[in-house]
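*Asks:* Whatever this is, show me its structure:
(2 chains)
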Amino acid sequence: MSDPLTPELWPFRDDALLVRFARVASPQASGAVQAFTAALADVLPKGVVETAPALASVLIRFEPDTGVAKVIHTAVQSLLQSRDWAAAPSPKASRIWHIPACFAGEYAPQLAEVANLAGLTPVKAVKEVLETDIRVLAIGFAPGQPYLGLLPERWGFPRQEALTPKVPAGALVAAVRQLVLFANESPTGWRQIGQTAFRPFQPEAEVSFPLRAGDAVRFHAVSPSEFDALRQGDPMGGARVESAS
Amino acid sequence: MTATLQIKRIAPGATVQDLGRPGFVAQGLSQGGAMDRRALYEAAALLSLPAPVAALELAGAGGEFTVTQPVRFALTGAPMRAAIDGAEIVWNASHRLEPGQALTISGLLAGSFGYLTFAGGIETPLWQGSRSVHLSAGVGSFLSSGQKLPVGNDPAFSEPSQFLPLEDRFKGGAIGILPGPQTGLFPKETRQGFARNAYRRSPMANRQGVRLEGRALPIPDAAQGLVSDFILSGDIQITGDGLPVVLMAECQTVGGYPRIGTVVPSDLPKLAQAPAGAELRFQWVEVNQDPETGWLAKYRKEVQPLVRDPRDMRDLLRYDLIDGMIAGDEPEGG
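*Replies:* Next comes the predicted model:
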């Protein structure tokens, strides 16, 4: 059963609007965000600087000018009211990322704990991560850093109470049906189940932010020795992207 | 002609800043840019430039600078003592610097961030459309003594030196706040209380955020389990201890703490410039009466020729507009 969403439209500062589908994270809210963000691109009037999806909301920023603000408000409001966004089908991903990840030994320090929380064996837990149709739900917290999901419902366990003092750059961590792929070494309340050699923020590269919200992501399990070789290479860490047909 | 700026020495905390890089919230990168955006517009007006250019943001202390070609420059933002070859020059004004002369900037008189803008702009490489250093994202780094920076062509080299009356934005005071998407999570009494209480700027402040000291606010029940949502600079987040933190140029793009409102963009420079300990009083407002799009035209109207009479210059140096803030701390001979 899907909980009904109560979409709200808020002015934000003097140069933005926020469409908020829910105050707490849910699959319905994430689905609505994805569908709404995709539809928004087709109706935006001039003056919009950027749009961005978060886990349960969409930001629309524009030039700070009251005339523009009114036109954009009207356009966004009528789109918002045009259908039930929670029931809207998820847009098809236009790109699929294939990212090697190691789910063994020192690279997966909390895999057994996470599998236990999800009621799975570690092998089955990794299999679910590899087989789930994972999307980039949002990018935030650090530049380029993706929130990925959603994993099956049994992955709905919360963050751990205590902070892990640090996980390395590239760490793949899990909580609340989501994965985060850390851009930098960081403290976190999420549990580390694997590691990639992929850097989601590459300031020196021509494309500094490889991932985009809405991209599909498939992880491919590699052994610790294969992983060690990947991390000697470029910041893509063996990841490749293909256009979805 | 392009020039090279030679940084003979510079105090810690200085960076190159322009108006930042909007358009990357979807990639998790906040806009960044100058902490006091007004100072860049003031510099553009003083130097008769069509738009603000990349400048040196000085975090409360200065340095010593020379150039390889004659240049015009402006000193704006938090007033500091400045001199060319030891002779004091007026703040909030434009001046010329010749090769062989040394520009020294020292003693902060009020506020927090001073700006040194060259008419040709600092021409460090653009990254994603901006030259702003974004420390929290790891884009660029602090300036250091001995560094050399390229300065671009001055489009109006023959323009005379000009002066702008110093704005009253360097000692805290009243700050307008706009209601935002999460304001409704806070009960009316909390919102009113926030506007009634006086807060002080804590010494804990950087380009990401400014912590405030004062009466803690109760965290509303409605904020429990809140999903991370968008942050824009100026947002006032109420952290676990109930104290406000105003999120600044280099804030994260999303966050989970509830935000009671947003500092109106016209007052954010005032908040950025409030020195540690300065009193801040928040007032709810409905609209931004003074949007950034009008700042350059406004300052252009206010610029006046720089007074050359040394006695008048001493008057200007006294910064009477900062009523009482620097009493007992006037420049020598002032």
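*Asks:* contacts and neighbour counts: CA atoms only from here.
*Replies:* Fine.
*Asks:* low-scoring stretches of chain B, by residue?
*Replies:* B:1, B:308-334 (pLDDT under 70).
*Asks:* what's the burial count for A:Lys124?
*Replies:* 12 (other C-alpha atoms under 10 Å in any protein chain shown).
*Asks:* need the contact list for it.
*Replies:* With contact set as C-alpha atoms under 8 Å, 6 or more residues apart in numbering or on different chains, A:Lys124 has these partners: A:Ala115.
*Asks:* which residues does B:Glu88 contact?
*Replies:* B:Glu88 makes contact with B:81-82 under the criterion C-alpha under 8 Å, 6+ apart.
*Asks:* again, but for B:Pro22
*Replies:* B:Pro22 neighbours (C-alpha under 8 Å, 6+ apart): A:49, B:30-31.
*Asks:* Of these, keep whichever come out buried.
*Replies:* Taking 16 or more other C-alpha atoms under 10 Å in any protein chain shown as the criterion, what is buried in the contacts of B:Pro22 is B:30-31.
*Asks:* mind checking how far the residue lying farthest from the centre of chain A is from chain B?
*Replies:* Note on chain A: the largest C-alpha distance from the chain mean falls to A:Gly67, namely 33.5 Å (C-alpha atoms, centre = their mean). Separation of A:Gly67 from chain B (C-alpha to the nearest C-alpha, to the nearest Å) stands at 13 Å.
*Asks:* before we move on, back to that, mind checking which of the contacts of B:Pro22 are in strands?
*Replies:* Judged by DSSP state E, strands contain the following of the contacts of B:Pro22: A:Val49.
*Asks:* export the contacts of B:Pro22 to CSV and tack on distance to B:Thr253?
*Replies:* Compiled in CSV, the contacts of B:Pro22 are given as follows (distance: C-alpha to C-alpha, whole Å):
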residue, distance to B:Thr253
A:Val49, 15
B:Ser30, 6
B:Gln31, 9
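*Asks:* Tell me who's in contact with the residue in the stretch 101-250 of chain B that chain A sits nearest to.
*Replies:* Using C-alpha to the nearest C-alpha, B:Val227 is the residue of the stretch 101-250 of chain B that sits closest to chain A, at 4.7 Å. The contact partners of B:Val227, taken as C-alpha under 8 Å, 6+ apart, are A:23-25, A:55-56, B:256.
*Asks:* Show me which residues of chain A are close to chain B?
*Replies:* Residues of chain A lying close to chain B by C-alpha under 8 Å from any C-alpha of the partner chain are A:10-14, A:18, A:23-25, A:49-57, A:59, A:64, A:138-145, A:203, A:209, A:212-213.
*Asks:* Give me the buried entries from these.
*Replies:* Buried members of the residues of chain A next to chain B, scored by 16+ other C-alpha under 10 Å, are A:10-14, A:18, A:23, A:25, A:50-57, A:59, A:64, A:138-145, A:203, A:209, A:212-213.
*Asks:* show me where the chain has helices.
*Replies:* Looking at chain A here, since you left the chain open. A:27-43, A:66-81, A:111-118, A:122-131, A:224-230 (DSSP state H).
*Asks:* Switch to chain B, please.
*Replies:* B:37-46, B:188-196, B:268-273, B:295-302, B:310-317.
*Asks:* Of all the ones you listed, which one is nearest B:Gln283?
*Replies:* For B:Gln283, the closest of those is helix B:188-196, at 5.4 Å, according to C-alpha to C-alpha.
*Asks:* Quick one: list the elements packing against that closest one.
*Replies:* Contact analysis of helix B:188-196 by 3 or more C-alpha pairs under 8 Å, 6 or more residues apart in numbering or on different chains; DSSP states H and E lists strand B:279-284 as its packing neighbours.
*Asks:* which residues touch the closest residue to B:Glu286 other than its chain neighbours?
*Replies:* Distances taken as C-alpha to C-alpha, 6 or more residues apart in numbering or on different chains place B:Leu178 nearest to B:Glu286, at 6.0 Å, with adjacent residues excluded. Taking C-alpha under 8 Å, 6+ apart, we find B:Leu178 in contact with A:13, B:261-264, B:284-287.
*Asks:* does A:Phe219 have beta-bridge partners, and which?
*Replies:* For A:Phe219, the beta-bridge partners under DSSP bridges are A:Ile99.
*Asks:* sorry, back to before: out of the helices of chain B, which one sits most buried?
*Replies:* helix B:37-46 (a mean of 28; mean count of other C-alpha atoms under 10 Å in any protein chain shown).
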